[in-house]
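Asks: Have a look at this fold, sequence not included:
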């Protein structure tokens, strides 16, 4: 079983990388569009309308810069994930089979399908990720009113 988990982790890491790259690209594109809109507006506006539009564009740029920074932090975490099979207490990089689905402790992505199978990719800082940390096969916990049983950790 340990051997079969390795390729799944590799595929999950690749899917996470694509997700993060897309988020970063979207943020960069939105920053550029908002910057261009603010520049265009300065050429054709005057008075209060100009100030309001410029402030709105600045807020939009700031919001997307935050999203870009979040994507960059996710990239750093992802780079530290060990894709090798590992038994023992769950930690960053663990793949955990439960009675309610399979979780991969990495970054907050949500559900990803690999080879037609759904996986929940969660951060160790997320509420369910914190519940999973340190667990071993046979452990149980409750989350959002549901009981979870750890079947396998790799």
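Replies: In hand now; what should we look at? Since the model is a prediction, treat every value here as computed from it, not as a measurement.
Asks: so when I look at residue 56, I'm seeing a helix, right?
Replies: Yes: counting by DSSP: H, G, I helix; E, B strand; the rest coil, residue 56 is found in a helix.
Asks: roughly how far apart are it and residue 34?
Replies: Separation of residue 56 from residue 34 (Cβ to Cβ, to the nearest Å) stands at 9 Å. Quick note: C-beta positions are derived from backbone N, CA and C, even for glycine.
Asks: cool, and residue 148?
Replies: Here the distance between residue 148 and residue 34 works out to 42 Å (Cβ to Cβ).
Asks: Tell me how many other residues surround the nearest residue to residue 105 once chain neighbours are set aside.
Replies: Taking Cβ to Cβ, 6 or more residues apart in numbering as the measure, residue 105 lies nearest to residue 94, with 4.9 Å between them; neighbours along the chain are not counted. For residue 94, the number of neighbouring residues by other Cβ atoms under 10 Å comes to 26.
Asks: residues in contact with stretch 97-107?
Replies: Contacting residues not belonging to stretch 97-107 are listed as 9, 12-13, 16, 20, 74, 77-78, 81, 90-96, 117-124, 128-129, 132-133, 146-153 [Cβ atoms under 8 Å, 6 or more residues apart in numbering].
Asks: if you set the cut-off to 7 Å instead, what comes out?
Replies: When contacts are defined by Cβ atoms under 7 Å, 6 or more residues apart in numbering, stretch 97-107 is touched by residues 12, 16, 74, 77-78, 81, 90-96, 118-124, 129, 132, 146, 148-152.
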